[in-house]
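> sequence below, structure please.
(2 chains)
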Protein chains: 2
Amino acid sequence: MAEPVSETTKADAPVLPERTREDGERKEKKDKKKEKNVPKASKEMAPKTTKPTQQKKKIEGAEMIGIDVRKEDDLAEWYQQVITKAEMIEFSNVSGCYILLPPSYSVWEYIQTWFDAEIKKLGVKNCYFPIFISEDDLQKEKDHLEGFAAEVAWVTHGGKSKLEKPVAIRPTSETAMYGYYSKKIRSHRDLPLKLNQWNNVVRWEFKHPMPFLRSREFLWQEGHTAHLTRESASEEVLQILDLYAAIYENLLAVPVVKGTKTENEKFPGADYTTTVEGFISATGRGIQGGTSHCLGQHFSKMFGITVQDPTSSEPLNVWQNSWGFTTRSIGVMVLTHSDNKGLVVPPRVAETQVAIVPVGVTAKTTTEDRDKLYKEIEAIAEILKDANVRVEVDFREGYSPGWKFNDWELKGVPLRLEFGPKDSANHVVTASRRDQDGKSTIAITELNTAIPELLETIQADLFKKADESFRTHRVQITDWKDFVPTLNAKNLCLIPHCLGGPCEDEIKEMSKRQQDGDVMAAEDAKAPSMGAKSLCIPFEQPSEIAEGTKCTNPNCKAAAQKWVMFGRSY
Amino acid sequence: MAEPVSETTKADAPVLPERTREDGERKEKKDKKKEKNVPKASKEMAPKTTKPTQQKKKIEGAEMIGIDVRKEDDLAEWYQQVITKAEMIEFSNVSGCYILLPPSYSVWEYIQTWFDAEIKKLGVKNCYFPIFISEDDLQKEKDHLEGFAAEVAWVTHGGKSKLEKPVAIRPTSETAMYGYYSKKIRSHRDLPLKLNQWNNVVRWEFKHPMPFLRSREFLWQEGHTAHLTRESASEEVLQILDLYAAIYENLLAVPVVKGTKTENEKFPGADYTTTVEGFISATGRGIQGGTSHCLGQHFSKMFGITVQDPTSSEPLNVWQNSWGFTTRSIGVMVLTHSDNKGLVVPPRVAETQVAIVPVGVTAKTTTEDRDKLYKEIEAIAEILKDANVRVEVDFREGYSPGWKFNDWELKGVPLRLEFGPKDSANHVVTASRRDQDGKSTIAITELNTAIPELLETIQADLFKKADESFRTHRVQITDWKDFVPTLNAKNLCLIPHCLGGPCEDEIKEMSKRQQDGDVMAAEDAKAPSMGAKSLCIPFEQPSEIAEGTKCTNPNCKAAAQKWVMFGRSY
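Here you go, the predicted structure:
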């Protein structure tokens, strides 16, 4: 259930200045004042495109309401602007905690709806365990405790009274739930037991927070299942991992690599951890997307979860899994698709899939003509709603079409339709894809099928583009001298590796940016200082490791066992 | 958003001994040992009906697996047995916190699904604000703070580090959200703003906890909306209250009275509070079911949420509402319908609506005949599934039909179908309603329509029964001497009242159980000691208050304003 967070150093991009809402408000107060004086309902507002001088740093074609730094120039600032200007995130007054606004929370709702139905098909039932865990319970599994102790938040007071014993806020619920499992599971006929929770967890990190990707509170689901046999548990681990991959690939249009974590990187207390690993091309860093763990019998031994073995009548500790998927995934989606015009949201998880903007309405247009056009637009919206398309009609007064185009682009709406007198005369709408330049026309009579198809095409194209990027940035390396340069060129590296933990640690150390005078530092003075860690042992191995192949680490004498994906990471 | 909890004294029923899971486990360990030795897969288990001597207190017709105290004899113990034996609730190791198991969490899911769709029709969007609130924010609205300060849980440590400033866990989110509202709302065109959260809140109560009804953490939805006008806000307050009433009446089959809270009982910081009030007939006590508040402009003034008034261009503080519905409702449902055989769940929120139990399979039945019967049962289940009925087939080995009947009754499944060789020969199933004695037969050819209809009939009958009970226990009183005896006879009292706060306090004091020697105490020595408070001013007034009618409190000189519903309460 862990999302063990990788080390981050101040030199790495993207890190965000630790901002709270108060900072935000000071800045925003000024904007607000400005804003309030401008768009009066009664008078036509000049499109802001006419005031490029107000921009902080000018991007050609960007508007004041848009993003004013490039993704490639300052990823941290760009990310913050994208998620706040698209109203995905707002800062709260508690450091490291973020407000999920409807445009991002709705993505989470689509994920929930799909995944919840899928796990129910597997026989999983939802439940709710308390957010508080007693100190005794939390300490029952030693490795697990060690993995989480440093970031557990503790409640010590209720009202003005000091509690007799502090209680922990769940960082994950293994130790909250398994006492119940020991009580519930009395016979092999009670197995498998498959419970899931949709809840919030808290990990009081002291590393730099980043909205979605690393926050002190986040939302997730955590599944906890108990099985009679290791085989049954192992089968489910992979069923769930496939569902996680499907959320990324089919809903968020984000490619992932499925694999197993190395011993160094597995969940504290697990037998083994499987993972879906994503890739942020802007930084060339990997990112853990979701993990499905076989806990083995570690917890069932500590919590006394036993049944009689039906084959031998001997007591048997049950086999357990846990698996978690978090709101971090929304951040991966944002970083993958968004661009210098703002957010890009794949159609399947977009709160608004299509925005319709009236065009060609001028000061000379009669009220009658305008009303007629608006009625036609409403009829178009009805056609789309009947085709299950999530559509918004933009009749906002006082904003130019150009301003509205920028606004919908900023918000990441996958498809914009324009409709003006000319379109009306030709019985068409003009369509602009968020993910591509250019416009096309679609006959009104074909909208009910053409638009859903086009949305699916956009979905597929977003995935294809991201997948190609990820594929070209997973580089097979067999010579150590290529390792750091390949990382520095924003790639992940697949190397034959011995699977040894100390060897991994050494690779991490060796791939940190060297001090001045070092050849590699000279080669790429801007390379991040972070070392590369193992991301996973991909299920899909590029090739068999030939007999006698040595581990790629030049200081390691051991034989290579597997191709392992290494990379700098979040 | 408050569910201001009424005073509870030790003498009142039902209160539960404050149990944690550890207590439960000690008790359960023994049961477990017993249990594990009994139901072996390989041998027929004697139905437990043959061992009535194992019962703690015998109820005629009750089984060991069932409830062993009567609802009318010991409500507290009965309630605990009903919810734990039906696996609605399990105790956790943190006092006052409970585990919601699938049979109760699924009720919450049905409530969520219905209500979420309804509020989305009203334009409400979901979002998520952090569970943590800064001390500064929490203190911004004085009345609000006073209402919650005593029960706020504080986080003071992250890992081993003491936080610079403690952070509060939300008891409700007004103060967490309205800083954002002041930033988001810049123009009247941003109104109405309608956000909702499904989340967990914590109120560190020191009163006696009771699963569902009073727990330190509970689940709810909290809606927070901002409007340009008082009229718009007021209209929504009632729209939401109607939805709350509909959850109770249409889903949970629980009758409620809609009304306004008096000044004494309104939400801390609200202009006024509307409420749906329920009734627990077993104790004759009222229970607050859900509240929808008009906050007026109190919070918008404190948080600076202003727009320009479009009619005058003057700055205008927005009008705000908040409204919350909690998992407490599940407890009201349990207390209303359940009986001495265990839980009763209304069909519309039952995880399992129909259980099918094979009967007439004896030691003499051939394997072939048994398999044939089971196949017919599976075919029946398919018919029901196709009719959208949630059905379970009970092929458990080693349990007699009688044991299974008791088990499904204990779990509250609304309808049990029996199917044996005789039913097969007659092409019928035998049906037993959970809410009534007796059996009936239904032709297999009619199942697809008859069963859904019967489930709706059960739903309606459960409501009707509870509604009749509530109606007969709302007693109109105009003479003070009848007030306490009417309460003691397990009624709520509707009295003409002056609406004065001090007068309400006096009524509460005067309706407490008097000490020995007092006439009323002699009349009913077992009456609860709790005083009666005002529950609401019902929208539906029984009659006009005649000119010159005095307040019912004999010590009050003021004129009566309204019929007010008073009662002992949870």
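
> please make it C-alpha for all contacts and neighbour counts, starting now.
OK.

> okay, A:Phe212 and A:Gln80: tell me how far apart.
According to C-alpha to C-alpha, to the nearest Å, A:Phe212 stands 11 Å off from A:Gln80.

> who's more crowded, those two?
Using other C-alpha atoms under 10 Å in any protein chain shown as the criterion, A:Phe212 and A:Gln80 rank with A:Phe212 on top: 26 against 20.

> that one looks like it's in a strand, true?
No: under DSSP: H, G, I helix; E, B strand; the rest coil, A:Phe212 sits outside any strand and is assigned coil.

> what helix or strand does the most centrally placed residue in chain A sit in?
Central residue of chain A (C-alpha atoms, centre = their mean): A:Ser329, 1.8 Å from the mean position. Following DSSP states H and E, one finds A:Ser329 within helix A:328-337.

> and that helix, how far from the chain's centre?
Mean C-alpha position of helix A:328-337 versus that of the full chain (C-alpha atoms, centre = their mean, to the nearest Å) differs by 4 Å.

> elements contacting that helix?
Using 3 or more C-alpha pairs under 8 Å, 6 or more residues apart in numbering or on different chains; DSSP states H and E, the elements in contact with helix A:328-337 are helix A:102-121, strand A:272-280, strand A:285-296, helix A:447-472.

> ok, the closest residue to chain B within the stretch 351-500 of chain A - contacts?
Nearest residue of the stretch 351-500 of chain A to chain B, counting by C-alpha to the nearest C-alpha: A:Arg396, 9.3 Å away. Contact analysis of A:Arg396 by C-alpha atoms under 8 Å, 6 or more residues apart in numbering or on different chains lists nothing.

> you'd agree it is in a helix?
No: read with three-state DSSP, A:Arg396 is coil and lies in no helix.

> and the gap between it and A:Arg390?
Separation of A:Arg396 from A:Arg390 (C-alpha to C-alpha) stands at 18 Å.

> report the beta-bridge partners for the nearest residue to A:Ala233 once chain neighbours are set aside.
Closest residue in space to A:Ala233, ignoring its immediate chain neighbours: A:His227 at 5.7 Å, by C-alpha to C-alpha, 6 or more residues apart in numbering or on different chains. On the basis of DSSP bridges, A:His227 is bridged to A:Trp319.

> mind checking pLDDT for A:His227?
Predicted confidence (pLDDT) for A:His227: 98.

> my guess is it contacts A:Leu195, does it?
No: with contact defined as C-alpha atoms under 8 Å, A:His227 does not reach A:Leu195; the gap is 11.9 Å.

> quick one: residues in contact with stretch A:244-253.
Stretch A:244-253 is touched from outside by A:111, A:115, A:254-256, A:258, A:276, A:290, A:325, A:329, A:333, A:345-346, A:348-349, A:459-460, A:462-463, A:466, with contacts defined as C-alpha under 8 Å, 6+ apart.

> for the residue of the stretch 1-150 of chain A found nearest chain B, give its distance to A:Val202.
Sorted by distance to chain B under C-alpha to the nearest C-alpha, the residues of the stretch 1-150 of chain A start with A:Ala150, at 4.2 Å. For A:Ala150, the distance to A:Val202 equals 12 Å [C-alpha to C-alpha].

> higher neighbour count, these two?
Neighbour totals were compared for A:Ala150 and A:Val202, and A:Val202 leads with 22 against 16 (other C-alpha under 10 Å).

> nearest residue to A:Ala176 other than its sequence neighbours?
Nearest residue to A:Ala176, sequence neighbours excluded (C-alpha to C-alpha, 6+ apart): A:Ile133, at 5.7 Å.

> mind pulling up the phi and psi values for A:Pro171?
Torsion angles at A:Pro171 (phi, psi; degrees, to the nearest 10) stand at phi -90, psi -20.

> near A:Ala387, how many other residues are there?
Residues near A:Ala387, counting by other C-alpha under 10 Å: 14.

> tell me who's in contact with it.
By C-alpha under 8 Å, 6+ apart, the contact set of A:Ala387 is A:448-449, A:452.

> which strands border the host helix or strand of A:Leu163, and is each parallel or antiparallel?
Assigning secondary structure by DSSP H and E places A:Leu163 in strand A:161-169. Strand A:161-169 pairs in its sheet with strand A:132-134 (antiparallel), strand A:153-158 (antiparallel), by DSSP bridges.

> quick one, which of those strands is nearest to B:Gly96?
Taking C-alpha to C-alpha, strand A:132-134 is the member of those nearest to B:Gly96, at 10.4 Å.

> after the closest one, next one along is what?
Sequence-wise, the next helix or strand downstream of strand A:132-134 (DSSP H and E) is helix A:135-138.

> contact partners of that following helix?
Applying C-alpha under 8 Å, 6+ apart, the contact partners of helix A:135-138 are A:145, A:165-168, A:175-176.

> need the residues you listed in JSON lines (columns: neighbour count).
Formatted as JSON lines, the contacts of helix A:135-138 follow (neighbours: other C-alpha atoms under 10 Å in any protein chain shown):
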{"residue": "A:Leu145", "neighbour count": "17"}
{"residue": "A:Lys165", "neighbour count": "11"}
{"residue": "A:Pro166", "neighbour count": "19"}
{"residue": "A:Val167", "neighbour count": "22"}
{"residue": "A:Ala168", "neighbour count": "25"}
{"residue": "A:Thr175", "neighbour count": "24"}
{"residue": "A:Ala176", "neighbour count": "22"}
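
> and the residue of the stretch 351-500 of chain A closest to chain B, backbone torsions?
Dihedral pair for A:Arg396: phi -50, psi 130, per degrees, to the nearest 10.

> mind putting the helices and strands packed on helix A:328-337 in TSV, mean pLDDT, mean neighbour count and distance to A:His337 included?
Listed next are the helices and strands packed on helix A:328-337 as TSV, based on pLDDT from 0 to 100; neighbours: other C-alpha atoms under 10 Å in any protein chain shown; distance: least, C-alpha to C-alpha, whole Å:
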stretch	mean pLDDT	mean neighbour count	distance to A:His337
helix A:102-121	98	18	14
strand A:272-280	98	26	10
strand A:285-296	97	26	15
helix A:447-472	98	17	7
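
> now those as JSON lines including distance to B:Glu376?
Shown next, in JSON lines, are the helices and strands packed on helix A:328-337 (distance: least, C-alpha to C-alpha, whole Å):
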{"stretch": "helix A:102-121", "distance to B:Glu376": "24"}
{"stretch": "strand A:272-280", "distance to B:Glu376": "43"}
{"stretch": "strand A:285-296", "distance to B:Glu376": "39"}
{"stretch": "helix A:447-472", "distance to B:Glu376": "43"}
